[in-house]
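A.B. asks: can you look at this prediction? I've put the sequence above it.
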Amino acid sequence: MSIIYIDIRNNVEYGVPMIEVRGLSKTFFSPQGPVLALRDVNLSIKPGEIFGIVGFSGAGKSTLLRCLNRLETPESGVIVVDSHIVGTLDERALARFRRRVGMIFQQFNLFDSRTVSGNVAFPLECAGVAARRVQSRVDELLDLVGLSDKARSYPGQLSGGQKQRVGIARALANDPVVLLCDEATSALDPQTTMSTLDLLGRLNKSLGLTLVLVTHELDLVGAFCDRMAVMDAGRIVEVGTVRKIFNDPQSSTARSFVGITRSLQEGQLYRDGAGV
């Protein structure tokens, strides 16, 4: 019988990983047959680290991310968060756990019928936080992400970057120690992407958050992450510092990614006039 271990505690002083994954496998079933999405995945992420997970479409990176907070349940393997093992979580324990692991999504996942303030308040209301404290916390978070003036606006009145900032504020509502970002900037234009990454970087430093960023955009990882993992066909084929993988990729997948990224950068330089 496989066991999934998950827990949250602040053990930064002992130097233990914030997230550790061992032997993780996940299969989806379709009319065409089983699809092995994750194959014996092993990974370790340090406390306070900004960690990128890259791969081409279908590599399994989003599935891996969703396993970290049990939105997907793997068939086998071990997940450890901050070194405390609690065994298989029941429904109530899982709900408490997810309050400590925030998540932001590519498509924002906001409630159109709720104001900005109401969207940020939602996870606090679900957690049973007193109404007076909810409003105070919402005000703090909107100030933190620079949206205090949009508190009474609705999502339909916001730009893409503003919607993502609401998503970030909502993900921070319950003081998480980990923030999972699933293609969080893919729907944004380049300028808004950099603004969002700048905000996440500042939150990483000021709050000590461990950030895990899933993306297919290697240049974003190069600009933002400390270390990275490269995935292919459900496996992690390479892990290392961003500098090492960019300068000396060992896997064919990483070499392809780096080559494509450099070609795109050179093309941009040419369009900007450097190649004329």
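C.D. replies: Perfect, thanks for sending it. Numbering: from 1, shown residues only.
A.B. asks: show me where the stretch 151-276 of the chain has its helices.
C.D. replies: 160-171, 190-207, 218-224, 242-247, 252-271 (DSSP state H, counting those that start in this stretch).
A.B. asks: got a list of contacts for the second one?
C.D. replies: In other words, helix 190-207. 48, 50, 144-146, 159-161, 164-165, 168, 172, 179, 181, 184-185, 188, 209, 211, 220, 223-224 (Cβ atoms under 8 Å, 6 or more residues apart in numbering). C-beta here means a position set from N, CA and C on the backbone, and glycine is covered the same way.
A.B. asks: out of these, which end up buried?
C.D. replies: Neighbour-count burial (16 or more other Cβ atoms under 10 Å) applied to the contacts of helix 190-207 gives 48, 50, 144-145, 161, 164-165, 168, 172, 179, 181, 184-185, 188, 209, 211, 220, 224.
A.B. asks: mean neighbour count, the helices of the stretch 151-276 of the chain: which tops it?
C.D. replies: Mean neighbour count (mean count of other Cβ atoms under 10 Å) peaks for helix 160-171 among these, with a mean of 23.
A.B. asks: how far off centre is that one?
C.D. replies: 13 Å (Cα atoms, centre = their mean, to the nearest Å).
A.B. asks: in PDB, list the C-alpha atoms belonging to it.
C.D. replies: Coordinates of each C-alpha in helix 160-171 appear next as PDB, following Å, rounded to 0.1, in the frame of the first residue of the first chain:
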ATOM      1  CA  GLY A 160      -5.100  40.600 -16.500                       C
ATOM      2  CA  GLY A 161      -2.300  41.700 -14.300                       C
ATOM      3  CA  GLN A 162      -4.700  43.100 -11.700                       C
ATOM      4  CA  LYS A 163      -6.600  39.800 -11.700                       C
ATOM      5  CA  GLN A 164      -3.400  37.900 -11.100                       C
ATOM      6  CA  ARG A 165      -2.600  40.200  -8.200                       C
ATOM      7  CA  VAL A 166      -6.000  39.400  -6.700                       C
ATOM      8  CA  GLY A 167      -5.200  35.700  -7.100                       C
ATOM      9  CA  ILE A 168      -1.900  36.200  -5.400                       C
ATOM     10  CA  ALA A 169      -3.500  38.100  -2.500                       C
ATOM     11  CA  ARG A 170      -6.100  35.300  -2.100                       C
ATOM     12  CA  ALA A 171      -3.400  32.700  -2.100                       C
END
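A.B. asks: good, we can wrap up now.
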